[in-house]
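>>> next comes the sequence, and after it the predicted model I'd like to discuss.
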Amino acid sequence: MAKVAVLLAPGFEEAEAIITIDILRRMQIEVEMLACAGSRAVVSYHNIPMVADSTLTERKATLYDAVVLPGGPQGSVNLAASEEVVRFVAAHDEAGKLICPICSAAARVLGGNQLLKGRRYVCSGDLWETVQDGLYVDAPVVEDRNLLSGKGLGHAFDFALTLAARLLKDETAVRDHAEHIYYAW
């Protein structure tokens, strides 16, 4: 069974996280919410408290099939500033695991830490203008090798369904949503 880590930093965009978690769990994919803070309690961008399954510190040696990075103006800044998060994402990327930022996380976390490595990606707003090491594509969901990025909250379902299809290796589910997705295989 595929196993996914969803990284929750203070100020994360709760709907991007919850929609992704909900879709993956409905598809019988194991999801572990990891708090990127001192405790399992994390407060979202709209001040909704959540309790994660564990902390990143407790699971930093675990290798997951995918790492999801929800955005949020504060959440993505907090993720990008965490050396522990950057090391965790880099280790998964080097192992060929799926790296899955949504909204501002692609530009701030990956782009801000030179983790895009020339791959195609999408992010929200005009944050792409600050990124030096990736190729921005204006599409709801963009895949390039092991990087799967989502534009933002309005495309969270497409993002989550595409991730589920990749993890379940179900190309039919992806084809059903192909008009919304840009592929760079």
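Yep, that arrived. Since we're looking at a predicted model, the values are computed, not measured.

>>> those helices in this protein, which residues are they?
For the chain, applying DSSP state H gives helices covering 14-26, 56-59, 73-81, 83-94, 105, 156-168, 171-175.

>>> which one, of those, ends up nearest to Lys3?
Nearest to Lys3, of all those, is helix 156-168, at 9.0 Å by Cβ to Cβ. For every residue, glycine as well, the C-beta is placed using N, CA and C.

>>> need the winner for burial among the helices of the chain.
Of all the helices of the chain, helix 105 has the most neighbours on average by mean count of other Cβ atoms under 10 Å, namely a mean of 35.

>>> from the contact counts, what lies against it?
Packing partners of helix 105 (3 or more Cβ pairs under 8 Å, 6 or more residues apart in numbering; DSSP states H and E): helix 73-81.

>>> distance of Ala165 relative to Leu148?
Distance of Ala165 to Leu148, given as Cβ to Cβ, to the nearest Å: 10 Å.

>>> Leu79 touches Ala106, doesn't it?
No. In this structure, Leu79 is not within contact of Ala106 by Cβ atoms under 8 Å, at 11.0 Å.

>>> quick one: the nearest residue to Lys151 once chain neighbours are set aside from Ile29, how far?
Once flanking residues are discounted, Lys151 sits nearest to Val122: 4.7 Å by Cβ to Cβ, 6 or more residues apart in numbering. Distance of Val122 to Ile29, computed by Cβ to Cβ: 22 Å.

>>> settle it for me: which of these two has more neighbours?
Val122 (27 against 19; other Cβ atoms under 10 Å).

>>> is that one in contact with Ala106, as I believe?
Yes. Counting by Cβ under 8 Å, Val122 touches Ala106, with 6.7 Å between them.

>>> anything in contact with each of the two?
With contacts taken as Cβ atoms under 8 Å, 6 or more residues apart in numbering, Val122 and Ala106 have Ser149 as neighbours in common.

>>> and stretch 2-15, what's buried?
Applying a neighbour-count criterion of 16 or more other Cβ atoms under 10 Å, the buried positions in stretch 2-15 are 2, 4-15.

>>> gap between the two ends of that stretch?
Terminal residues of stretch 2-15 lie 22 Å apart, using Cα to Cα, to the nearest Å.

>>> what about it, average pLDDT?
On average, the pLDDT along stretch 2-15 is 98.

>>> begin at 5 from now on, thanks
All set: I'll call the first residue 5, so the last point we hit is now stretch 6-19.

>>> what about the protein, any weak spots by pLDDT?
Scanning the chain with the threshold set as pLDDT under 70 gives 175-189.

>>> would you format the helices of the chain as a markdown table with distance to Arg44 included?
As requested, the helices of the chain are exported to a markdown table (distance: least, Cβ to Cβ, whole Å):
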| stretch | distance to Arg44 |
| --- | --- |
| helix 18-30 | 14 |
| helix 60-63 | 9 |
| helix 77-85 | 16 |
| helix 87-98 | 15 |
| helix 109 | 21 |
| helix 160-172 | 23 |
| helix 175-179 | 32 |
